[in-house]
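Engineer: no FASTA, just this:
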């Protein structure tokens with residue numbers, strides 16, 4: 001199966017099954033979940049469900065904020081992140097999530113390993129299956145001569 005030419009500059013072929021807008025929505029949800037879930041699990045009750053150390057809260061909030069920002073700013077022209085930058089950021093975030101899981105594994109923080117490991121694998125899955133191009137209605141206007 002031949003891939004379509006990459007005319008958006010992402011450096012990846014456009015053969016994914018996931019539309020870019022769906023990717024962005026999932027990405028925003030992942031980012032918000034990474035920011036909120038560790039706090040909810042840590043402070044939900046007097047006896048927390050999971051007691052995350054402050055380092056986990058900081059790393060989750062930082063990575064989650066970047067992911068949510070990418071998800072919310074990848075849209076229409078004028079306020080959008082270029083697709084090549086978005087594609088690269090997806091790879092960097094995936095590596096950061098997997099690296100965080102490994103770091104916390106060495107510190108024997110099993111809940112953090114589960115949080116970052118599963119999120120990293122999910123993020124890798126949506127990144128690999130995304131068509132990194134905007135649909136014609138969302139395409140940035142071209143300059144006329």
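Structural biologist: That came in fine, so what should we check first? Given the structure is predicted, the values throughout are model-derived calculations rather than measurements.

Engineer: Surely residue 108 is in a strand?
Structural biologist: No - read with DSSP: H, G, I helix; E, B strand; the rest coil, residue 108 is coil and lies in no strand.

Engineer: Contacts only, for it.
Structural biologist: Applying Cβ atoms under 8 Å, 6 or more residues apart in numbering, we find residue 108 in contact with no residue. (C-beta placed from N, C-alpha, C; glycine too.)

Engineer: State the next helix or strand along the chain beyond the least confident helix or strand in the chain by mean pLDDT.
Structural biologist: Sorting the helices and strands of the chain by mean pLDDT, DSSP states H and E puts helix 20-43 at the bottom, at a mean of 87. Tracing the chain past helix 20-43, the next element assigned as helix or strand by DSSP states H and E is helix 54-72.

Engineer: Any buried residues in that following helix, and which?
Structural biologist: Under the neighbour-count criterion of 16 or more other Cβ atoms under 10 Å, helix 54-72 has 56-57, 59-61, 63-64, 66-68, 70-72 buried.

Engineer: what's the closest of those residues to residue 83?
Structural biologist: Using Cβ to Cβ, residue 70 comes nearest to residue 83 of those, at 11.3 Å.

Engineer: hmm, back to that, for the buried residues of helix 54-72, which one is nearest residue 82?
Structural biologist: Distance to residue 82, by Cβ to Cβ, is smallest for residue 70 among the buried residues of helix 54-72, at 11.4 Å.

Engineer: Am I right that that closest one is in contact with residue 26?
Structural biologist: No - using Cβ atoms under 8 Å as the test, residue 70 is too far from residue 26 to be in contact (11.1 Å).

Engineer: Relative to residue 117, how far out is the closest residue to residue 71 other than its chain neighbours?
Structural biologist: Nearest residue to residue 71, sequence neighbours excluded (Cβ to Cβ, 6 or more residues apart in numbering): residue 28, at 2.9 Å. Distance, residue 28 to residue 117, using Cβ to Cβ, to the nearest Å: 21 Å.

Engineer: what do you get for residue 95?
Structural biologist: 13 Å.

Engineer: neighbour count winner among these two?
Structural biologist: Taking neighbours as other Cβ atoms under 10 Å, residue 95 and residue 117 compare with residue 117 leading, 17 against 13.
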